[in-house]
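Participant: Take this sequence and fold it.
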Amino acid sequence: MAKLNVKKVKAALGKGPLKGSARPAGRTFEGGVGYGRDAKSELFLLAVTNMVGEQTFYEAAGERDERFASLVRTVAVEDPDWTARLLGWLRTGANLRTASIVGAAEFVRGRLAAGATGDNRAVVASVLQRADEPGELLAYWISRHGRAIPKPVKRGVADAVRRLYTERNLLKYDTASHAFRFGDVVDLTHPVPAAPWQGDLFAYALGRRHRREDLPVPASLGMLAANERLRADGAAVLLDSERLARAGMTWEDALSMAGPGVDKAALWTALIPSMGYMALLRNLRNFDEAGVPDGVAAGVAARLADPDEVARSRQLPMRFLSAYRAAPSLRWAQALETALTLSLRNVPELSGRTLILIDTSGSMNSGFSRDGTLRRWDAAVVFGIALASRCASATIVSFSGHTTEFRLRKGESVLRAIERFRAEGHFHNGGTATAKAVRERYAHHDRVVILTDEQASFDTSVDSAVPGVVPIFTWNLAGYRLGHTPLKMGRWTFGGLTDAGFAMIPLLESGRDGQWPF
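Facilitator: Numbers count the residues shown, from 1 in each chain. As a prediction, the model looks like this:
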């Protein structure tokens, strides 16, 4: 390789946002060379991969959650503006509910402990985007820090309550399964109603919480009144689609009311027009098992594949894979393929030759979704294949202790390719010989992309497995403390499998600095 070309490549490389030491800081769990990160970088990588309360292969749930809470408290004092933006983005950009809620609580905790003032209230309000989340934040605070709830938390929750508490949301989320009901939240935070009808709603929620059997529905709450009348009329009216919508009837409640005597296909047909996108996505199996007519199913499929609906839903690509696997009928396949592709719209087209390494070691068999249907290696495969489909030339390699190449077929859908990856035995379930895999499979590629938990085994450094002028982009799927490459020019680590991260590849290669996604 000519020296002039080397210099040009070096000059073109931009800087990524993550920072860390250029020298090893310890060993990974598998014994490989491990590089540390600064507090912001460690927090970011952990935040976008942390399903709070979940075990990981190498780190117990309690230890992981405490590391997350401690990092939030530390960085909230060091750089409150950055931390506030991170937490808001976690909820609305990365769509990670629990991590953002826990993060907001610990943000306030850390700031108050340090005697720091500021708009802690706004940070709390920013992460509460669904009507059950004010109760979740209060439940977390009390379980973790006791019943003395500071004013910034109360006021931030109250701000969110004014925005989120509606008749429809009370019917959907104010259920006996929640320890903190709407009435508890109102009682603890004393929100000021945004309008007279909301004042009536608050009073009604308090009455429900205290089990007042004679509680009348205020005249201002028409949906609650319609719901009460529908329930009084019984299962016979559950097939009236318009009445279901006016009564804000959830599909869960309708199924519970219906019992075995109501035709399930007719019931789902009545419910579908008022169901949200996520509810449709998670009930495809139920639609099939009930025998929903093809005409109704076609309408559902059209909504699933609608670009605006996909954008508003903010579903990650893995959710469509999960739905595809759960649904027994192939009538949803094209819609789910379209939706998955739309959710990956920011994955860039990459020129040149790209080596894509997908970690299928044993630790990548850890859960990636709460329902257990997706593993970390499933998520890696989704993005590895999606990225490869946009490359001018891509080599896809599955690795653990050994490597196998997966070849895309021309015109093959992403979902079909993902299923073929599994069927052909590319999930190895062995060790994590990352550097060995890079050395074996690198053949003058223009870049290397690795999707992994970074727990490389004892071997030569991943950093030195290719020439320094060849960029290595690592996607960290677990957020462990130490990584397999130093954070320096030409060696970038990203967290969180969203398509926005992949858009950083051409930016960094063109010499423009990659920025935080918030």
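Participant: hey, let's count contacts and neighbours off CA atoms from now on
Facilitator: Will do.
Participant: domains of the chain?
Facilitator: Domain segmentation of the chain under automatic domain parsing yields 3-38+346-509, 49-93+96-215, 235-313.
Participant: Could you give the average pLDDT over the last one?
Facilitator: Averaging pLDDT along domain 235-313 yields 94.
Participant: Read off the pLDDT value for Val75.
Facilitator: 94.
Participant: meant to ask about Ala25
Facilitator: Looking at Ala25, its pLDDT is 44.
Participant: picking up where we left off before, for Gln334, which of the domains of the chain is the nearest?
Facilitator: Between Gln334 and the domains of the chain, the shortest separation by Cα to Cα is 8.3 Å, and it involves domain 235-313.
Participant: what about that closest one, how long is it end to end?
Facilitator: Start and end residues of domain 235-313 are separated by 31 Å (Cα to Cα, to the nearest Å).
Participant: that older thread, with respect to Glu228, which of the domains of the chain lies nearest?
Facilitator: That would be domain 235-313 among those, by Cα to Cα, at 7.9 Å.
Participant: export the domains of the chain to JSON lines and tack on distance to Ala327?
Facilitator: Output for the domains of the chain, formatted as JSON lines (distance: least, Cα to Cα, whole Å):
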{"stretch": "domain 3-38+346-509", "distance to Ala327": "13"}
{"stretch": "domain 49-93+96-215", "distance to Ala327": "25"}
{"stretch": "domain 235-313", "distance to Ala327": "4"}
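Participant: Which helix or strand in the protein has the lowest average pLDDT?
Facilitator: helix 3-12 (a mean of 35; mean pLDDT, DSSP states H and E).
Participant: how near is Ser177 to Asp463?
Facilitator: With Cα to Cα as the criterion, Ser177 and Asp463 are 50 Å apart.
Participant: low-scoring stretches of the stretch 1-150 of the chain, by residue?
Facilitator: 1-37, 45, 48-62, 64 (pLDDT under 70).
Participant: can you give me the strands for it?
Facilitator: Taking DSSP state E, counting those that start in this stretch as the criterion, the stretch 1-150 of the chain carries its strands at 20-27, 33-37.
Participant: Now Ala392. Its backbone dihedrals?
Facilitator: phi -60, psi -40 (degrees, to the nearest 10).
Participant: Settle this for me: it is touching Arg353, isn't it.
Facilitator: Yes: judged on Cα atoms under 8 Å, Ala392 makes contact with Arg353 at a distance of 6.8 Å.
Participant: Could you check which of these two is surrounded by more residues?
Facilitator: Arg353 (17 against 12; other Cα atoms under 10 Å).
Participant: is it true that that one touches Ala388?
Facilitator: No: the criterion here is Cα under 8 Å, and Arg353 misses it with Ala388 at 10.0 Å.
Participant: shared neighbours of these two, which are they?
Facilitator: When Cα atoms under 8 Å, 6 or more residues apart in numbering defines a contact, the residues bordering Arg353 and Ala388 alike are 394-395.
Participant: Show me the shaky parts of the stretch 401-518 of the chain.
Facilitator: Applying pLDDT under 70 to the stretch 401-518 of the chain flags the ranges 456-460, 478-489, 495-504, 507-515.
Participant: at 90 instead, please
Facilitator: 401, 410-416, 418-419, 422, 427-435, 451-518 (pLDDT under 90).
Participant: For Ala179, grab phi and psi.
Facilitator: Per-residue torsions, Ala179: phi -70, psi -40 (degrees, to the nearest 10).
Participant: residue contacts, it?
Facilitator: By Cα under 8 Å, 6+ apart, the neighbours of Ala179 are Ala139.
Participant: hmm, 6 Å instead?
Facilitator: If you count contacts by Cα atoms under 6 Å, 6 or more residues apart in numbering, Ala179 has none.
Participant: Just the pLDDT at it, thanks.
Facilitator: Looking at Ala179, its pLDDT is 85.
Participant: can you check Ser361 too?
Facilitator: 87.
Participant: Could you list which residues are in contact with it?
Facilitator: 400, 429-432.
Participant: Buried only: go through those for me.
Facilitator: Using 16 or more other Cα atoms under 10 Å as the burial test, the contacts of Ser361 include 400, 429-432 as buried.
Participant: and which of those residues is nearest to Glu106?
Facilitator: Using Cα to Cα, the buried ones among the contacts of Ser361 come closest to Glu106 at Thr432, 33.9 Å.
Participant: helix, strand or coil for the closest one?
Facilitator: Following DSSP: H, G, I helix; E, B strand; the rest coil, the label given to Thr432 is coil.
Participant: Relative to Asn365, how far out is the residue nearest to it when sequence neighbours are not counted?
Facilitator: Closest residue to Thr432 apart from its sequence neighbours, by Cα to Cα, 6 or more residues apart in numbering: Ser400 at 4.6 Å. According to Cα to Cα, Ser400 and Asn365 sit 12 Å apart.
Participant: before we move on, what about Gly146?
Facilitator: Taking Cα to Cα, one finds Gly146 at 36 Å from Asn365.
Participant: buried set for stretch 436-446?
Facilitator: In stretch 436-446, counting by 16+ other Cα under 10 Å, buried: 436-438, 441-442, 445-446.
Participant: Repeat that for stretch 388-402.
Facilitator: Applying 16+ other Cα under 10 Å to stretch 388-402 flags 388-389, 391, 394-402 as buried.
Participant: And it, end to end?
Facilitator: Termini of stretch 388-402 sit 21 Å apart (Cα to Cα).
Participant: now stretch 258-278
Facilitator: Between where stretch 258-278 begins and where it ends, there is a gap of 22 Å, by Cα to Cα.
Participant: Which members of the contacts of Ser361 are the farthest-apart pair?
Facilitator: The widest separation within these (Cα to Cα) is 9.1 Å, between Asn429 and Thr432.
Participant: distance between the ends of stretch 262-281?
Facilitator: End residues of stretch 262-281 are separated by 23 Å (Cα to Cα).
Participant: Off-centre distance for that stretch?
Facilitator: 25 Å (Cα atoms, centre = their mean, to the nearest Å).
Participant: can you list contacts of it?
Facilitator: Here stretch 262-281 has contacts from 239, 241, 245, 290-292, using Cα under 6 Å, 6+ apart.
Participant: picking that back up, include distance to Arg208 when you put the buried ones among the contacts of Ser361 into TSV, please.
Facilitator: Formatted as TSV, those follow (distance: Cα to Cα, whole Å):
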residue	distance to Arg208
Ser400	55
Asn429	51
Gly430	54
Gly431	55
Thr432	54
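Participant: From those, pick the one nearest Asp359.
Facilitator: Relative to Asp359, and with distances defined as Cα to Cα, the nearest of the buried ones among the contacts of Ser361 is Ser400, at 6.2 Å.
Participant: just checking, the closest one touches Gly431?
Facilitator: Yes: between Ser400 and Gly431 there is a contact under Cα atoms under 6 Å: 5.0 Å.
Participant: what about the closest residue to Asn95 other than its chain neighbours, how many neighbours?
Facilitator: Distances taken as Cα to Cα, 6+ apart place Arg314 nearest to Asn95, at 6.9 Å, with adjacent residues excluded. Here the count is done by other Cα under 10 Å, and Arg314 has 14 residues near it.
Participant: And for the one 4 residues further on?
Facilitator: With neighbours defined by other Cα under 10 Å, the count for Met318 comes to 23.
Participant: Equivalent analysis for His190, please.
Facilitator: With other Cα under 10 Å as criterion, His190 counts 15.
Participant: give me every residue that touches Phe406.
Facilitator: 396-397.
Participant: For it, grab phi and psi.
Facilitator: Backbone geometry at Phe406, expressed as degrees, to the nearest 10, gives phi -110, psi 120.
Participant: do Val397 as well
Facilitator: According to degrees, to the nearest 10, Val397 has phi -130, psi 130.
Participant: Can you classify the closest residue to it other than its chain neighbours by secondary structure?
Facilitator: Spatial nearest neighbour of Val397, chain neighbours left out: Glu405 (4.4 Å); criterion: Cα to Cα, 6+ apart. State at Glu405, reduced to three classes by three-state DSSP: strand.
Participant: thought Glu405 was touching Ala394?
Facilitator: No: using Cα under 6 Å, Glu405 makes no contact with Ala394, being 10.8 Å away.
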